[in-house]
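In: Any chance you can model this:
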Amino acid sequence: MNKQGRQHHLRAVARFTVIAAALFAISAGGLTETGCGSAKVTSTATVSVSTATAGRQTTTIQTTPVDLSTLVSPTTPFPSAFRSPFDEQSYLLPQPVDLGKVAFLDKVSLSATEKEALARQSFVAVLPAANERPWKFWQVYEGARYQGLPLLVTTDSILNAYHSLFDTILQRMEEKALFDKAIVMTDALSRAAFDQWSAATNPQIKADARLNMAYFAVAETLLKGSNGVPGIVTGDVKKELQTILDLANREVSLIEDANGLEKSLTLGYTEDYSQYKPRGHYTRSETLKRYFKTMMWYGHTAFFINPSLPDRPEELANSLTRRAVLIAFSLTGATKEAWKAIYEPTTFLVGLADDLTVDDVQDVIAQVFGGVQPAPDDLSDAVKITALRQELNKLRAPKILTQMIRAAEDTTGREESERSFRVMGQRYIPDSYAFQQLVWAYVGTQENKRDLPMGLDAMAVLGSDQAYEIAKQDYAQDKYK
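Out: Below you'll find the predicted structure:
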């Protein structure tokens, strides 16, 4: 960083840390309870800092005691229109501070409104000029250390550091190891689908294997940028395979466009293609972008066991079940090892799949078919498929739902109809589960649906009364029943 850039950066850090020092001074004292219900807080903070120059500087910040029993929270709610962030909110207790006793205040430039907010509530957050903003969390602390300014170490900074470590480990593992394993697994599954298609004589099973070939051709294209016919084929077989690859390429176009809800050409139901847009660390390289789209394809698309109108009729559910069984047939030996090489380390880092895995389906296949590996045409037995579905429905239901289209009356027991097999199932994440429980059809009515959650929901679920009050008073979220 050049000298001018460092000066800009240090000014931004000073602007943040000086303001935070006021809160540090108030919070360092703590609360002392006396008697029944009365409380006093005595705030005296001494901050010793080492500067970049020789010598040592000691700065003492003192504030006057505040008797919390005399503080009354305003009861008049704010209007729902936009308010300045510097306005006092009715659900916050004021915690005034004497600005004359705040050290380093002269090193930052605050407007009169910002100073008034600082004096009233002992803290104010301001946005630095665009050319002075730190682009990494740690830069704020590092810059303050250079200037010898007091630091307020917040819990979010610790969580950010933990997340950065986790994210870096996951990114390097995906880019250096798991991407190659995904290619190995996909190539093997594509070849197995071709072999099943070639072996099948029943038209129904042949059509299912054909769609599985297109499904894995999509994954192959997402990973490698192209797909091809496994092995050497000629004549009518080559023409048929080309139609399958054309179908896969049209599916890939939907994924690349990422425009939202469209009917999947290879799965038969509505898929949310907006989910395939890379985000987070997956935007940092072409390899990570390809890996993200492929894992989203393997994890977001589902081979549903049960129907769900209007998007998934009984006939489609039967076909998807047969296709799940055909894929489970193929996930053995080296192919299963490649699958485990992806699933097991990501399970350690992120968690278990929320949906049925290959192990679940293989156990049920062994139970229904007596431990004998059935041939593809054996899946034309409707009695066996019914038995498979019955046994799979005895397994756990997903806690997080991804289906996009539902009937108006579909408001109860939705998880029970959503059991599905996924090649690399998406993981159970607690905040996703909480968000799902706080939208329609769990919250709201048919006439007044709560269609989307808010970030405040997560904090409210974790027990933040303040987040709950903000959601109610600022965003009127209590209008839903």
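
In: Apart from its chain neighbours, what residue comes closest to residue 97?
Out: Closest residue in space to residue 97, ignoring its immediate chain neighbours: residue 122 at 4.3 Å, by CB to CB, 6 or more residues apart in numbering. Just so you know, the C-beta spots here come from the backbone N, C-alpha and C atoms, and that holds for glycine as well.

In: all strands of the chain, in order?
Out: Ranges of strands within the chain are 31-34, 38-41, 44-49, 57-62, 66-67, 261-263, 270-272, 303-304, 420-421, based on DSSP state E.

In: Tell me the confidence at residue 401?
Out: Note on residue 401: pLDDT of 78.

In: That one and residue 417 touch, don't they?
Out: No: when contacts are counted by CB atoms under 8 Å, residue 401 is not listed as touching residue 417 (9.5 Å).

In: any low-confidence regions in this structure?
Out: 1-93, 229-234, 403-414 (pLDDT under 70).

In: re earlier: quick check on residue 401 and residue 417: which one has the bigger neighbour count.
Out: residue 417 (21 against 16; other CB atoms under 10 Å).

In: Tell me which residues touch that one, please.
Out: Residue 417 sits next to 306-308 when contact means CB atoms under 8 Å, 6 or more residues apart in numbering.

In: now with 6 Å?
Out: 306, 308 (CB atoms under 6 Å, 6 or more residues apart in numbering).

In: same thing with residue 432?
Out: Contacts of residue 432 by CB under 6 Å, 6+ apart are residue 400.

In: Just to check, the residue nearest to residue 97 is in contact with residue 96?
Out: No: at 7.1 Å, residue 122 and residue 96 do not qualify as touching, with contact defined as CB atoms under 6 Å.

In: So for these two, which sits in the more crowded spot?
Out: Under the neighbour definition other CB under 10 Å, residue 122 and residue 96 were set side by side, and residue 122 has more, 22 against 15.

In: now the more buried one: how far from residue 101?
Out: To residue 101, residue 122 is 11 Å away according to CB to CB, to the nearest Å.

In: How about residue 434?
Out: 42 Å.

In: can you check residue 198 too?
Out: Taking CB to CB, one finds residue 198 at 83 Å from residue 101.

In: repeat for residue 211
Out: Residue 211 is 73 Å from residue 101, by CB to CB.

In: and if you look at residue 213?
Out: 74 Å.

In: what does residue 156 give?
Out: Distance from residue 156 to residue 101, by CB to CB: 27 Å.

In: who's more crowded, those two?
Out: residue 101 (14 against 10).

In: can you count the residues close to residue 452?
Out: So residue 452, with other CB under 10 Å, has 10 neighbours.

In: Spatially nearest residue to it (excluding sequence neighbours)?
Out: residue 439 (6.5 Å).

In: Distance of that neighbour relative to residue 351?
Out: Applying CB to CB, the value for residue 439 to residue 351 is 22 Å.

In: who's more crowded, those two?
Out: The neighbour comparison of residue 439 against residue 351 (other CB under 10 Å) goes to residue 439, with 17 against 13.

In: Distance-wise, check residue 226 relative to residue 120.
Out: According to CB to CB, residue 226 and residue 120 sit 63 Å apart.

In: Comparing those two, which residue is more hemmed in?
Out: More crowded of residue 226 and residue 120, by other CB under 10 Å: residue 120, with 17 against 10.

In: tell me the contacts of the more buried one?
Out: 94, 96.

In: and residue 314, how many neighbours?
Out: 10.

In: which ones are touching the nearest residue to it once chain neighbours are set aside?
Out: Leaving aside its chain neighbours, residue 314 sits nearest to residue 307 (4.6 Å; criterion: CB to CB, 6+ apart). Shown in contact with residue 307 (CB under 6 Å, 6+ apart): 313-314, 317.

In: which residues does residue 252 contact?
Out: Taking CB under 6 Å, 6+ apart, we find residue 252 in contact with 218, 221.

In: What distance do you get for it to residue 94?
Out: Plainly put, residue 252 is 58 Å away from residue 94 if you go by CB to CB.

In: repeat for residue 154
Out: Taken as CB to CB, the span from residue 154 to residue 94 is 21 Å.
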